[in-house]
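[1] Build me a model from this:
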Amino acid sequence: MTRCSLLTLSLWSAFTGAAGFPLPCADVARGAEAKLASHRDCAALKGEDLMLAPTQLRPMRFEIQGLAVVWVAGQWYDVRPTGESLPVVTLDNGPDPFAEGLVRSPRKGRIAYVDAQFQEVIASRDDWG
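    Next up is the predicted model:
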């Protein structure tokens with residue numbers, strides 16, 4: 001499961017310095033009209049884990065299931081206010097919406113169904129779902 005925390009983010013940035021977040025990202029900021037805002041130097045990927053610069057978390061909109069959505073390196077992620085993240089399937093040029101409390105998440109080339117707490121409810125056994 002792809003997760004990170006603010007502590008992990010703080011440690012990551014302490015070891016990597018200002019250049020520790022080389023990837024641009026896009027999100028819908030608080031007060032914005034459903035419009036993506038692009039940001040430079042806001043994210044990093046370490047393996048499958050997404051790391052967001054702590055300064056990027058504060059202005060995000062955590063509206064759907066208490067989560068924000070962010071676009072990084074060709075992948076949508078649901079993000080919790082703590083910085084934990086979950087990659088989600090792209091559907092119609094946006095992040096896959098929750099249906100019956102679950103969202104689809106890619107896992108090692110397969111699809112798992114995950115709840116808003118990022119707990120896997122249906123294991124990743126199928127190529128698509």
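
[2] Low-confidence bits of this structure, can you list those?
    Along the chain, the parts satisfying pLDDT under 70 run over 1-19, 29-34, 125-129.

[3] All the strands of it, residue numbers only.
    Secondary structure of the chain (DSSP state E): strands at 23-27, 37-46, 49-52, 68-72, 75-79, 85-88, 90-91, 94-95, 103-107, 110-114, 120-126.

[4] Check which helices and strands the longest one sits against.
    If contacts are counted by 3 or more C-beta pairs under 8 Å, 6 or more residues apart in numbering; DSSP states H and E, strand 37-46 sits against helix 6-16, strand 23-27, strand 49-52, helix 54-57, strand 68-72. Every C-beta, even on glycine, is put in place using the N, C-alpha and C of the backbone.

[5] Next, the buried residues of that strand.
    Across strand 37-46, burial judged by 16 or more other C-beta atoms under 10 Å covers His39, Asp41, Cys42, Ala43, Ala44.

[6] count of residues packed around the residue nearest to the last one when sequence neighbours are not counted?
    Take Ala44 and drop its neighbours on the chain: the residue closest to it by C-beta to C-beta, 6 or more residues apart in numbering is Met51, 4.4 Å away. Here the count is done by other C-beta atoms under 10 Å, and Met51 has 23 residues near it.

[7] Could I get the contacting residues of the residue most central in space within the chain?
    Centroid check for the chain by C-alpha atoms, centre = their mean gives Tyr77 as the closest residue, at 2.7 Å. The contact partners of Tyr77, by C-beta atoms under 8 Å, 6 or more residues apart in numbering, come to Thr2, Leu50, Val69, Val70, Trp71, Ser85, Leu86, Pro87, Val88, Pro95.
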